[in-house]
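J.: Output the structure for:
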Amino acid sequence: MGIHRQRGATPQARATPMRPKGSGGAAPSGSLPLLRDGTPSRRRGASRSTPRRSERDPAQYPDRLLTGAPESVPIVTRSRYLMGVPLQLTFRDPADPSLFEAVFKEVARLETILSNWRTDSELSRLNRAAGGEAIACSVDLFEAIVRAVSWAEITGGTFDPTVEPVVRRLGLIGDPYDGRPAVAAPASDGPGGDWRNVVIDRTARTVRLRSAGMGLDMGGIGKGIALDAAARVIREAGRDSALLDFGGQVMAIGRPAREPEWTVDVADPDDRDRIVGRVRVHDLSLSTSAPGGRRGPGGDPHIVDPRTGRPAAYTGSVTVAATDATSADVLSTALCVMGADAGLAWARGRDVAALFVWRNAGGALEIRRTQAFKRLQWHESPPERLPVAAAARAGD
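T.: Residues are numbered from 1 along each chain as shown. Predicted coordinates:
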């Protein structure tokens with residue numbers, strides 16, 4: 001998986017629509033209830049633009065994300081290309097170089113476990129055993145699969161890690177920067193997967209994929225897991241302020257120096273250089289998903305609707321805020337699959353902080369927020385910065 005965001009007088013963090021994309025934490029009132037280990041609770045009531053090729057080089061990437069701290073406060077930023085996108089770490093003051101390396105090392109370790117782009121990963125080995133015996137898994141892979149299957153149940157299958165065969169048929173697996181275009185095959189005419197065919201034995205810590213040809217894709221949850229793990233490394237090192245940008249998903253730890261919140265821009269899903277608004281956050285993760293952010297060789301959007309085995313019909317973006325990055329990652333993907341009407345209703349019914357941005361049939365920009373997202377500090381860009389046809393409607 002590429003476990004699939006300007007510089008100005010006031011520095012800003014930037015989060016643009018992108019493929020979706022840890023160990024979680026307790027969820028706030030604005031997200032679904034979680035168990036203590038970060039797994040979604042099943043109790044009642046719970047229910048990209050891909051970086052340009054030049055951005056692969058970390059030396060060319062740092063000016064894409066700046067903190068909300070005043071220019072007089074030292075800013076230290078480093079980037080590394082992991083899980084198919086740049087991971088950028090920003091601290092408000094000088095940090096021990098070993099901390100950067102510790103964070104990058106942890107994410108790289110998780111990539112060797114969760115990636116289905118790499119044939120040598122633990123997940124790829126499990127996928128190759130589909131239809132056979134149960135496979136013993138590492139703690140990291142086992143917990144990731146348990147969470148993914150739990151979220152599949154909660155979201156009614158709009159998030160489903162078993163879409164891997166369809167993703168392959170659509171040519172959506174492969175490093176978009178390695179110069180080798182993915183080869184598309186005919187799209188599936190049936191459901192994209194069924195999480196019920198994942199057999200989990202918690203006692204033995206094994207997983208069995210019932211049918212030959214099955215496969216798991218952690219693209220809609222893996223970046224969130226990695227961000228939560230990275231945040232844990234930072235906090236265990238005694239740091240209480242940092243900003244992490246993982247190619248479309250941001251984790252804001254604490255607060256920037258002399259500022260109450262980190263500032264994150266949200267881009268127009270059709271033009272990532274155009275800002276439709278910005279949100280100020282602390283101790284939250286923001287994940288933005290947009291089906292059209294990356295496309296396969298046949299032009300298909302990269303987010304698949306598991307219920308149909310076809311690319312998601314929704315063409316806008318969804319931004320979700322949650323205290324843990326795993327929940328934000330999954331939910332931004334699932335809500336994209338649901339679409340604006342059904343997604344808004346689902347999110348409102350579960351107090352999920354979600355922002356939908358799309359263009360209606362007349363080409364006008366629509367911006368809708370759930371009540372939970374309204375509790376955040378959201379500032380919409382002035383109308384003159386939007387397309388002429390735009391009639392932004394926030395707060396509906």
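J.: Phi, psi for Ile145 please.
T.: Note on Ile145: backbone dihedrals following degrees, to the nearest 10 are phi -70, psi -40.
J.: and the closest residue to it other than its chain neighbours, what helix or strand is that in?
T.: If the residues on either side of it in the chain are set aside, Ile145 comes closest to Val207, at 5.5 Å by CB to CB, 6 or more residues apart in numbering. Where you see a C-beta, it was placed from the backbone N, CA and C, and this is true even at glycine. Mapping Val207 onto the secondary structure by DSSP states H and E places it in strand 206-209.
J.: ok, now Leu227?
T.: Leu227 belongs to helix 222-236, assigned by DSSP H and E.
J.: Now do the buried residues in that helix.
T.: Of the residues in helix 222-236, Gly222, Lys223, Gly224, Ile225, Ala226, Leu227, Asp228, Ala229, Ala230, Ala231, Val233, Ile234 count as buried by neighbour count, 16 or more other CB atoms under 10 Å.
J.: Verify the stated contact: Phe104 with Leu82.
T.: Yes. Proximity of Phe104 to Leu82 meets the contact threshold set by CB atoms under 8 Å, at 6.9 Å.
J.: Between the two, which is the more surrounded one?
T.: When Phe104 is set against Leu82 and neighbours are counted by other CB atoms under 10 Å, the residue ahead is Leu82, at 23 against 19.
J.: What confidence value was assigned to the more buried one?
T.: According to the prediction, Leu82 has pLDDT 95.
J.: Check whether the nearest residue in space to it that is not next to it in sequence sits in a helix, strand or coil.
T.: In space, and not counting its chain neighbours, Leu82 is closest to Val107: 5.0 Å by CB to CB, 6+ apart. In three-state terms, and counting by DSSP: H, G, I helix; E, B strand; the rest coil, Val107 is helix.
J.: What ranges does the stretch 151-300 of the chain have for its helices?
T.: Using DSSP state H, counting those that start in this stretch, the helices found in the stretch 151-300 of the chain span residues 164-169, 222-236.
J.: give me the number of residues near Asp120?
T.: Once other CB under 10 Å is used to define contacts, Asp120 is seen to have 8 neighbours.
J.: again, but for Thr203
T.: Per other CB under 10 Å, the neighbour tally for Thr203 reads 5.
J.: For it, give its distance to Ala134.
T.: Spatial separation of Thr203 from Ala134 under the definition CB to CB, to the nearest Å is 11 Å.
J.: Please apply the same query to Arg232.
T.: As judged by CB to CB, Arg232 and Ala134 stand 29 Å apart.
J.: can you check Ser381 too?
T.: 52 Å.
J.: Poorly predicted segments of this protein, please.
T.: 1-73, 94, 172-192, 292-302, 382-396 (pLDDT under 70).
J.: quick one, the helix or strand harbouring Thr319 and helix 222-236 angle?
T.: In this assignment (DSSP H and E), Thr319 forms part of strand 317-322. Direction vectors for strand 317-322 and helix 222-236, defined by axes from the mean of the first three to the mean of the last three CA atoms, to 10 degrees, enclose an angle of 30 degrees.
J.: Understood, closing this out.
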